[in-house]
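A.B. asks: I'd like to go over a predicted model; first the sequence, then the structure.
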Amino acid sequence: MTTSTRPGTKMHVNWRKWDGGPHWVHEVVYLGRDEWGHWFGQLTGWRSHRPGRDTLLKTNCVMLLPDAPGSDHGAEWVLTVNAPPQRTRIYIDVAWDARWDGDEPTAIDMDLDVVRRTDQRGIYIDDEDEWEEHRVEYGYPLHVVNRLEGVAKDLFDRVTAREAPFNEETTRPWFDVLEQLDL
């Protein structure tokens, strides 16, 4: 991240797959930083797209790129929290090399996701079938596989316990920052 990045700066969060192929690109605004890392926001109507899919957000959301001190491969997840009435309240992308690349965040999507919904589905780990397919197709190294399976389990437990930053007390102020920006 450049030190000149200020709250209200529009940018993108750029995802790719393990082989370097393009994945999701999210239009975001930089909200600021706290003890958990860097926060971004998306307003209703902003765009998220990937090859074969293009969507406009139906509700506001905030995203967290956590700090990864001492890591040689960046953060291992990115948190997205959707505002009501979205039923998918929390969506955590398990990642590799989630970090700032120049003036914008970037990450490798590793398929596994931890989700908390407000309906009967509750909290679960999603896309385990895709994870198994891509382990073979992309040749994920065994140390990455073992590490990220543990990360997904830990995230599941932390979301279930509503630990910070996976709780409303931590995310609510960032929704307030997003809504107060003059964009």
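C.D. replies: All right, it came through fine.
A.B. asks: Could you pull out the helices in the protein for me?
C.D. replies: Assigned by DSSP state H, the chain shows helices spanning 128-137, 142-160, 168-180.
A.B. asks: is the residue nearest the centre of the chain in a bridge, and if so with what?
C.D. replies: Note on the chain: the residue nearest the mean C-alpha position is Val78, at 2.8 Å, using Cα atoms, centre = their mean. Per DSSP bridges, the residues bridged to Val78 are Asp93.
A.B. asks: Ile92 is in contact with that one, correct?
C.D. replies: Yes - with contacts counted by Cβ atoms under 8 Å, Val78 reaches Ile92, the gap being 7.1 Å. Every residue, glycine included, has its C-beta placed from N, CA and C.
A.B. asks: and the helices of the chain as CSV, adding distance to Gly70?
C.D. replies: What follows is these, written out as CSV (distance: least, Cβ to Cβ, whole Å):
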stretch, distance to Gly70
helix 128-137, 26
helix 142-160, 14
helix 168-180, 23
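A.B. asks: Go through those helices and name the closest to Met63.
C.D. replies: Distance to Met63, taken as Cβ to Cβ, is lowest for helix 168-180 among the helices of the chain, at 9.0 Å.
A.B. asks: What helices and strands are in contact with that closest one?
C.D. replies: When contacts are defined as 3 or more Cβ pairs under 8 Å, 6 or more residues apart in numbering; DSSP states H and E, helix 168-180 sits against strand 22-34, strand 37-42, strand 61-66.
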